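K.L.:
sharing a sequence plus its predicted fold:
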Amino acid sequence: MLRIRLLRTRLGLWLVLVVVALLWIERAAPASDPLTTILQAGTLSAVLCVGYLVGSGADRAALLLPLLHPTTPGALVLGRWAAAMGGAALAVLAVAAHTVWTTGAVAASLSAALAGLAAAAAVASCTLALVLTGGNVLATLFFVWLALVGSAPPETLIGVPHPGSIRTALAVVLELAPAPWRYRAISTGDAGALLHAAAWVALGLAAARRLVGRGSLSTR
């Protein structure tokens, strides 16, 4: 399924554009931060892949058809998640390979790639549940959120005098939801960040399985 979408839709082009744009931003930044670039590549590509694999009304409706046969909702959801992970992994590995090529930091790039894959796994499962609920509109909002806010810790939103209720609410979402800033610590072996990613993988897949199982998908 992933290969078909990469070749017959604009998914492959969008993945290339995301990788190129992130590498250009990193090169133009005053200080290079390959870890952030790899994490963003994984999370943004995961959202794109889920959007192209499940985002259209026809894709979501098609998930219900195999239920007429001996295929479980869990298997259907896991297949879409694995396909999205495959696309995100391509982006992560491309950015990591570029980092190795330009810096020669093999060990650091490998640990960053592992963090990027964990981040992509959490974001892909979360996006899957969002898309099955509200279609590509929610995927687009999540993509913009990750691109603009997801790499900064919550303290950047509330670390001002009188942050207000809106900033506080956004900081809470940033603290709880999967985001690149959270998974930076995976590259240094932080178990808490890894457990956070695993929890979101389990939660997102469980929610998606429930939506498919009860046949209440939005097909708008």
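P.N.:
Great, that's in hand.
K.L.:
downstream of the helix-or-strand element of the chain with minimal mean pLDDT, the next helix or strand is which one?
P.N.:
Across the helices and strands of the chain, the lowest-confidence element by mean pLDDT, DSSP states H and E is helix 57-62, at a mean of 56. Sequence-wise, the next helix or strand downstream of helix 57-62 (DSSP states H and E) is helix 73-103.
K.L.:
can you list the buried residues in that following helix?
P.N.:
Using 16 or more other Cβ atoms under 10 Å as the test for burial, helix 73-103 gives 73, 76-78, 80-81, 83-85, 87-96, 98-100. (C-beta placed from N, C-alpha, C; glycine too.)
K.L.:
what's the answer for stretch 9-24, then?
P.N.:
By neighbour count with 16+ other Cβ under 10 Å, stretch 9-24 contains the buried residues 11, 12, 14, 15, 18, 19, 22, 23.
K.L.:
mind listing what residue 125 touches?
P.N.:
By Cβ atoms under 8 Å, 6 or more residues apart in numbering, the contact set of residue 125 is 81, 200, 201, 202, 203, 204, 205, 208.
K.L.:
shaky segments in this structure?
P.N.:
Along the chain, the model assigns pLDDT under 70 to residues 1-3, 6-7, 55-71, 215-220.
K.L.:
let's see it at 50
P.N.:
Applying pLDDT under 50 to the chain flags the ranges 218-220.
K.L.:
with adjacent residues omitted, what lies nearest to residue 118?
P.N.:
Leaving aside its sequence neighbours, residue 118 sits nearest to residue 197 (Cβ to Cβ, 6 or more residues apart in numbering; 4.5 Å).
K.L.:
that neighbour sits in which helix or strand?
P.N.:
helix 191-213.
K.L.:
give me the packing partners of that helix, helices and strands only.
P.N.:
Judged by 3 or more Cβ pairs under 8 Å, 6 or more residues apart in numbering; DSSP states H and E, the packing partners of helix 191-213 are helix 73-103, helix 106-134.
K.L.:
residues making contact with that helix?
P.N.:
63-64, 67, 73-74, 76-78, 80-81, 118-119, 121-129, 132-133, 177-178, 182-186, 217.
K.L.:
in it, which residues are buried?
P.N.:
Across helix 191-213, burial judged by 16+ other Cβ under 10 Å covers 193-194, 196-197, 200-201, 204-205, 207-209, 211-212.
K.L.:
also stretch 160-170?
P.N.:
167, 170.
K.L.:
could you shift the numbering so residue one becomes 828, and keep it that way?
P.N.:
That works, and once the first residue is 828, the last one we named lands at stretch 987-997.
K.L.:
which outside residues touch that stretch?
P.N.:
Stretch 987-997 is contacted from outside by 976, 984, 985, 998, using Cβ under 8 Å, 6+ apart.
K.L.:
for the last one, grab phi and psi.
P.N.:
Main-chain dihedrals, residue 998, degrees, to the nearest 10: phi -60, psi -40.
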